[in-house]
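Peer 1: Based on what follows, work out the 3D shape:
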Amino acid sequence: MELDPQTDLRLTRTLDVPRRAVWDCWTKAEHIPHFFVPRPHSVTDCEIDLRVGGRFNTTFMVEGAEMRNEGVFLDIENGRRLVFTDSYTEGWKPAADPFMTAILLLDDTPDGGTAYTAIARHRSPEARKSHEDMGFHDGWGTVADQLEAYAKGLVAPGGGAG
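Peer 2: From the prediction side, this is the model:
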């Protein structure tokens, strides 16, 4: 996938858990609160309708303030690619103030882990810079670390997701 350095940010990691466990964490609402925002912030609610046009809504608690983010899935390749945005809400209703489109790419590594790429696509260079200045790399890196630690607890002996 070609990135536009003016509008796109990317984080790439190798996670020491199978791809299926990473996929399950990202696509099942009960897992999202365990990794989705850097601690001490928290997810207090999550709704997932895993289909193109289906909702991906989350509510966070950040420094005592509740923040709601509503979005939809744009593309789903089972186990490998997940694309979602806050540019639209369910029913393809345009958002008043969209922030980004996220693209998650997952692949197997030779040792049974996951090659994990998270891309944040923005509408403008200014929005990209704002996200970078907010701490994109540290924040999304922390989320990847939390995801890996949580997913390890879901993996059954023998390497499958439990």
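Peer 1: C-alpha from now on. contacts and neighbour counts both.
Peer 2: Fine.
Peer 1: which ones are touching residue 106?
Peer 2: 19, 23, 79-81, 114-117 (C-alpha atoms under 8 Å, 6 or more residues apart in numbering).
Peer 1: Which among those count as buried?
Peer 2: By neighbour count, with 16 or more other C-alpha atoms under 10 Å, the contacts of residue 106 hold 19, 23, 79-80, 114-117 as buried.
Peer 1: Can I get those in JSON lines including distance to residue 124 and pLDDT?
Peer 2: JSON lines is the format used below for these (distance: C-alpha to C-alpha, whole Å; pLDDT from 0 to 100):
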{"residue": "19", "distance to residue 124": "32", "pLDDT": "98"}
{"residue": "23", "distance to residue 124": "29", "pLDDT": "98"}
{"residue": "79", "distance to residue 124": "30", "pLDDT": "97"}
{"residue": "80", "distance to residue 124": "27", "pLDDT": "98"}
{"residue": "114", "distance to residue 124": "30", "pLDDT": "98"}
{"residue": "115", "distance to residue 124": "28", "pLDDT": "98"}
{"residue": "116", "distance to residue 124": "25", "pLDDT": "98"}
{"residue": "117", "distance to residue 124": "21", "pLDDT": "98"}
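Peer 1: Make CSV out of the residues you listed and add distance to residue 106 and secondary structure.
Peer 2: As requested, the buried ones among the contacts of residue 106 are exported to CSV (distance: C-alpha to C-alpha, whole Å; DSSP: H, G, I helix; E, B strand; the rest coil):
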residue, distance to residue 106, secondary structure
19, 7, helix
23, 8, helix
79, 7, coil
80, 5, coil
114, 6, strand
115, 6, strand
116, 5, strand
117, 7, strand
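Peer 1: Show me which of these is closest to residue 131.
Peer 2: residue 117 (17.0 Å; C-alpha to C-alpha).
Peer 1: In contact with the closest one, which residues?
Peer 2: 10-13, 103-106.
Peer 1: Please report the distance of it from residue 18.
Peer 2: Distance of residue 117 to residue 18, given as C-alpha to C-alpha, to the nearest Å: 14 Å.
Peer 1: Ends of stretch 46-66, what's the gap?
Peer 2: 13 Å.
Peer 1: quick one: buried residues of it?
Peer 2: 46-50, 53-61.
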